[in-house]
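*Asks:* Here is my input; please provide its structure:
(one chain, ligands or ions: 2)
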Amino acid sequence: MLMVMTSSGMRSIFIVVSMTLITLKESMACSLPYVGREIWDAKPAKDVQTFPGPIPFVIIHHSYIPAACNTGKECSKAMQVMQEMHQQERGWNDIGYSFAVGGDGRVYEGRGFNVIGAHAPRYNNKSVGICMIGDWRFDLPSEKMIDAVQSLIEYGVRNNIIASNYTLIGHRQTRPTECPGDRLFEEIKTWPHFVDMWDVVDPNTIAT
Ligand SMILES: *[C@@H]1O[C@H](CO)[C@@H](O)[C@H](O)[C@H]1NC(C)=O
Ligand SMILES: *[C@@H]1O[C@H](CO)[C@@H](O)[C@H](O)[C@H]1NC(C)=O
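*Replies:* Numbers count the residues shown, from 1 in each chain. Ligands and ions are numbered 1, 2, ... in the order given. The predicted model follows:
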C-alpha cells in the first residue's frame, strides 16, 4: 500500500514537473520581444475606440521620420516623437499605428490590437497597422525587424485576434503615398498573405 502510494505520488510529481517544463518551453517559443507603453513612456491616449475581430487586414508602414533606431533607448525616443507628432501636430487621439517595430528587433505597443487606429483611412477599423521604424525607400530593414513583424502577426493569428486568412498590404495600396518605401514594398510582396490589391483613394476627397 505504502509502495503504491509512493509510486503514484512520484508519478504525480513527475507529471507536474513535465507539464511545467512544457509550459515553460511553449511560453518561450511564443514569447514576443515586446515593449509595452509604460516601458517606452507613452502619454495616455486621449480616447480609445475599439472594433471587433478577428482582424482581416495587416498594413505595413515605414516611419520615414524618425530614422531607424538601434537600441531600446533610441526606439523608445522614436515612439515618443511619433506620438507627440500625431497627438500634438495632427490632433489625433494617440500614436497612429497599432504597433511599431524597432531596429532593436522588438515590437513596440502603439494603440494595440482592435483599437481604431489613424494610419490608413477607411482601413483603420479593420486592420493592424505595423510601422517599421526608419526610412525604407532604398534600404531594407534588418532580418531581426522582419522576424519581429512576422512574430507579431503569428501571435495575432494564433490567438485568433488576426483572421487566419488575413490580407497583408502596404500603406500605398490604400492611398496615394510612397509609404512603406520602395525597397520595403518590394520585400513585403514576398511575405505570406500579401495580396496585390489596389484600393487607392485620396483621403482629401472623402468625408471623414
Ligand atoms: C468601419 O467604418 C466604416 C465607416 O464608418 C463603417 O461603414 C464600417 O461598418 C466599419 N467597420 C467595422 C468593422 O466596424
Ligand atoms: C476569410 O474568412 C472569412 C470567414 O470565413 C470570410 O468571411 C472572408 O471572406 C475570408 N476573407 C478572405 C480574404 O478570404
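*Asks:* Now do the strands in the chain.
*Replies:* 34-35, 55-62, 99-101, 107-109, 127-132, 162-170 (DSSP state E).
*Asks:* Indicate which one of those is closest to ligand 1.
*Replies:* Closest to ligand 1 of the strands of the chain is strand 55-62 (Cβ to the nearest ligand atom; 8.7 Å). Glycine gets a C-beta too; all of them are placed from N, C-alpha and C.
*Asks:* possible to save the strands of the chain as TSV with mean neighbour count, mean pLDDT and distance to ligand 1?
*Replies:* Shown next, in TSV, are these (neighbours: other Cβ atoms under 10 Å; pLDDT from 0 to 100; distance: least, Cβ to the nearest ligand atom, whole Å):
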stretch	mean neighbour count	mean pLDDT	distance to ligand 1
strand 34-35	18	97	26
strand 55-62	23	98	9
strand 99-101	27	98	19
strand 107-109	23	98	22
strand 127-132	26	98	10
strand 162-170	19	98	12
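*Asks:* Quick one: closest of these to ligand 2.
*Replies:* Smallest distance to ligand 2 across the strands of the chain (Cβ to the nearest ligand atom): 3.7 Å, for strand 162-170.
*Asks:* anything in that closest one near ligand 2?
*Replies:* Yes. If you take Cβ under 6 Å from any ligand atom as the test, strand 162-170 does meet ligand 2, through 163, 165, 167.
*Asks:* hang on, isn't Pro176 packed against Val200?
*Replies:* Yes. Using Cβ atoms under 8 Å, Pro176 is in contact with Val200, at 6.2 Å.
*Asks:* show me the contacts for the spatially most central residue of the chain.
*Replies:* Nearest residue to the geometric centre of the chain (Cα atoms, centre = their mean): Phe99, 4.0 Å. With contact taken as Cβ atoms under 8 Å, 6 or more residues apart in numbering, Phe99 is in contact with 107-110, 112, 128-131, 152.
*Asks:* and if we set it to 10 Å?
*Replies:* Shown in contact with Phe99 (Cβ atoms under 10 Å, 6 or more residues apart in numbering): 32, 34-35, 107-113, 117, 128-131, 148-149, 152-153, 156.
*Asks:* Equivalent analysis for His62, please.
*Replies:* Contacts of His62 by Cβ under 10 Å, 6+ apart are 68, 131-137, 141, 170-171, 178-181, 183-185.
*Asks:* Any quick ChimeraX command for the buried ones out of these?
*Replies:* The ChimeraX command for the buried members of the contacts of His62 (criterion: 16 or more other Cβ atoms under 10 Å) is given here:
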select :68,131,132,133,134,135,136,141,170,171,179,180,181,184,185
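*Asks:* Residue numbers of the protein in contact with ligand 2?
*Replies:* Counting by Cβ under 6 Å from any ligand atom, the chain comes close to ligand 2 at 163, 165, 167.
*Asks:* Out of those residues, which is nearest to Lys46?
*Replies:* Using Cβ to Cβ, Ala163 comes nearest to Lys46 of these, at 28.8 Å.
*Asks:* separation between the closest one and Gly117?
*Replies:* Between Ala163 and Gly117 the distance, using Cβ to Cβ, to the nearest Å, works out to 17 Å.
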